[in-house]
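Student: structure, please.
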Amino acid sequence: MTAPARPAGAWTLHPDRALPADPVTRPVAREIYRATRDLPLVAMHGHVPVEWFADDAAFPDPAQLLVVPDHYLVRMLASQGAGIEQLGVAPVRGGTGAAPETDPRAIWRRFCAGWPLFRGTPTRFWLETELVEIFGVTERPSAATADALYDRVQAAIDDPAFRPRALLDRFGIEVISTTDPAWSTLDAHARLAADGLGHRVLPTFRPDALLAVDRPGWRADLDRLGAAAGTDVESYPGYLEALRVQRARFKAAGARASDHGLLATGTTPLPDAEAERVFAAALRGEVPAADAAAFAGHMLFQMAAMAAEDGLVLQLHPGVLRDHDPAVAAAFGPDRGYDIPVATEYTRALRPLLAAFGRHPGFRTILFTVDESTFSRELAPLAGVYPSVRLGAPWWFLDAPDAMRRYREAVTETAGFANTSGFVDDTRAFVSIPARHDLARRVDAGYLARLVVEHRLDLDEAVDTAADLAYHLPLRAYEAS
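Tutor: Numbers count the residues shown, from 1 in each chain. Below is the predicted model of the structure:
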C-alpha cells in the first residue's frame, strides 16, 4: 500500500515505530520486519459485516467509518465523561438512552478533541497509521484541525476506489472471515460467491446466542434457527439437528471455523436425559441459572463433537463479562464497550473436551484469552502437547505492543511458534485491519531479533519464523478439512 505524497513539515510516522529501541537489536528487527511487511493479510477471525462486501456501497462519512463502530475508541472517550450517544451510538428500540448525535462533524470533532487520551494505547497506533498512510492526513487530530481532517477523510471515502471490495485489494487482504449468527441464511455470502468473491470473504458460524438458554431473546433466536434450517426445534434432538444443518450450510458456503465467546470454559457433557430436561425447561422459560451454565458447557462439548465430524475449527475465546453496566445495556443494547475481562480457568474446564477430541485427527481448536496470567501456566502447556490445539494470538485488551511481547515471552518456550495461530485480528473496524497486522509484524520482528542477537536463533530462521507468524500459520490454523 503506497502512502500519499506528503507536504514538507507534514505529520509523519517513524519507520521504526514499535521496533526495539536498543541500537544492537533494532537493525536486526528492521531486516526481519522488511521480510514480512508486504505479505498478504489473513484475517480469519473478523467481525466486519458481510453486507459491506455484498453491497459494496460507499461508506457514509468519517464518523460512521472510524468512530461510531470502534469500541476501543468509544470506551476511552466514555471513560473521560463523553456520553456514548454523543459519539453517535443509538439507543435500542424501547430503550431509555438519549437520542444520538446525528451530525457526523460533531462526532468527529469530539473524537479529534480527545486525541490526547489515546497516547500510549494501541488505538493511537492503529488510528495514526490509518490517518497518515490510508487517508493522507498531514496534521495530528485536535480541536483545531478537526474540520480539515474530516474533509480530507471524506474526500477519500467519496472516491469509488474506497469501496469495500476495492479495499480488499488495496489492503492486501487475501482472505477475510465475517462472523455470522447460526441462523443466518448466508444470502449475502451467496451474492459474493456469485460475484467471484466466495473464496475470499468467508462466513464463520457463531452459535453463542443459542447455547446460553437463559439469555433474554433465546427463544426468538431458537425460532430463527428452526426457520433457517427448516427443522422442528421444539425438542432437544431437533435443536441439535438444526445446528448440524446450519453448520453444513456454513461449510458449503466456505466457512472454516465456528466462534464461541461464552463467559465460562466448562465442557462437561450431560447425560442425554439431563440435557433434554434442561432444554425443555428453557422452552418453558423456567431454566435455573445453574442448569443453564451446565447446559452451555455441555453444548460446547457438542460443538466439539460436531467439529470433529465436519472439520470446522472451534475458536474459543471466553472470559469476558459482557455489558458490565446494565443501564447502558438496557438503553443502548449489547456490545457498547462495557465488556470487562474476568479470571478464566482452562486446564480443568477443557479436560473433558480434550480427553475426547484432543488427539482426534478431525478436530482442531484455537484457544484465545483475555486473561494473560493463563498464557504460561495453562494455554501454552495445552497447545504444547495436544495436536488438536493451537494457541490464539493476543486478543482484545491484549492486542497491544507490550502485551504482545509478553505473550511471546510467556508461551514460546513451552509451545514454540508452530503451536500458535500466528497473528489473527479481531475487529469490526475494517480500515484498521492493515494497521493491526503491521503492529503485530513489528512486535514479532522485535522479539525474533532479540533471539538473534542473543545467539538463540539464526537470522534466516528468524525471517522464516516471522513469515510463518504473519502469513503461513494463520492459513494452516484455519485450513479447510
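
Student: buried residues in whichever strand or helix holds residue 409?
Tutor: Residue 409 belongs to helix 401-415 when assigned by DSSP states H and E. For helix 401-415, the neighbour count (16 or more other C-beta atoms under 10 Å) marks 401, 403-408, 410-412, 414-415 as buried. In this view, the C-beta of every residue, glycine as well, is placed from N, C-alpha and C.

Student: does anything pack onto it? Which helices or strands?
Tutor: helix 380-383, helix 433-453 (3 or more C-beta pairs under 8 Å, 6 or more residues apart in numbering; DSSP states H and E).

Student: got the CA positions of it in CSV?
Tutor: Taking Å, rounded to 0.1, in the frame of the first residue of the first chain, the C-alpha atoms of helix 401-415 are listed here in CSV:
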residue,chain,number,x,y,z
PRO,A,401,2.6,-3.8,21.8
ASP,A,402,3.8,-4.7,25.3
ALA,A,403,1.1,-7.3,25.8
MET,A,404,2.0,-9.0,22.5
ARG,A,405,5.7,-9.0,23.6
ARG,A,406,4.7,-10.5,26.9
TYR,A,407,2.7,-13.2,25.1
ARG,A,408,5.7,-14.3,23.0
GLU,A,409,7.9,-14.4,26.1
ALA,A,410,5.3,-16.3,28.1
VAL,A,411,4.4,-19.0,25.5
THR,A,412,7.2,-19.6,23.1
GLU,A,413,9.5,-21.6,25.4
THR,A,414,6.7,-24.1,26.1
ALA,A,415,4.6,-24.1,22.9
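
Student: give me the contacts around it.
Tutor: Counting by C-beta atoms under 8 Å, 6 or more residues apart in numbering, the neighbours of helix 401-415 from elsewhere in the structure are 18, 122, 125, 372, 375-376, 379-381, 383-384, 391, 393-394, 397-398, 420, 439-440, 442-444, 446-447.

Student: would you format the helices and strands packed on helix 401-415 as TSV with mean neighbour count included?
Tutor: Shown next, in TSV, are those (neighbours: other C-beta atoms under 10 Å):
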stretch	mean neighbour count
helix 380-383	22
helix 433-453	24
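
Student: out of these, nearest to residue 197?
Tutor: Among those, the nearest to residue 197 by C-beta to C-beta is helix 433-453 (16.4 Å).

Student: list the helices and strands that closest one packs on?
Tutor: Using 3+ C-beta pairs under 8 Å, 6+ apart, helix 433-453 is in contact with helix 25-36, strand 41-43, helix 122-129, helix 401-415, helix 459-467.

Student: so for the longest one, mean pLDDT?
Tutor: Pointing back at helix 401-415 there. Taken as a whole, helix 401-415 has a mean pLDDT of 98.

Student: do the same with stretch 373-385
Tutor: 98.

Student: for that stretch, list the C-alpha coordinates in CSV.
Tutor: Taking Å, rounded to 0.1, in the frame of the first residue of the first chain, the C-alpha atoms of stretch 373-385 are listed here in CSV:
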residue,chain,number,x,y,z
SER,A,373,-2.0,-15.0,33.5
THR,A,374,-3.0,-18.2,31.8
PHE,A,375,-0.6,-18.0,28.9
SER,A,376,2.4,-19.7,30.5
ARG,A,377,0.5,-21.7,33.2
GLU,A,378,-2.3,-23.2,31.2
LEU,A,379,-2.6,-22.4,27.5
ALA,A,380,1.0,-22.9,26.3
PRO,A,381,1.2,-26.3,28.0
LEU,A,382,-2.1,-27.4,26.5
ALA,A,383,-1.0,-26.2,23.0
GLY,A,384,2.4,-27.8,23.6
VAL,A,385,1.1,-31.3,23.9
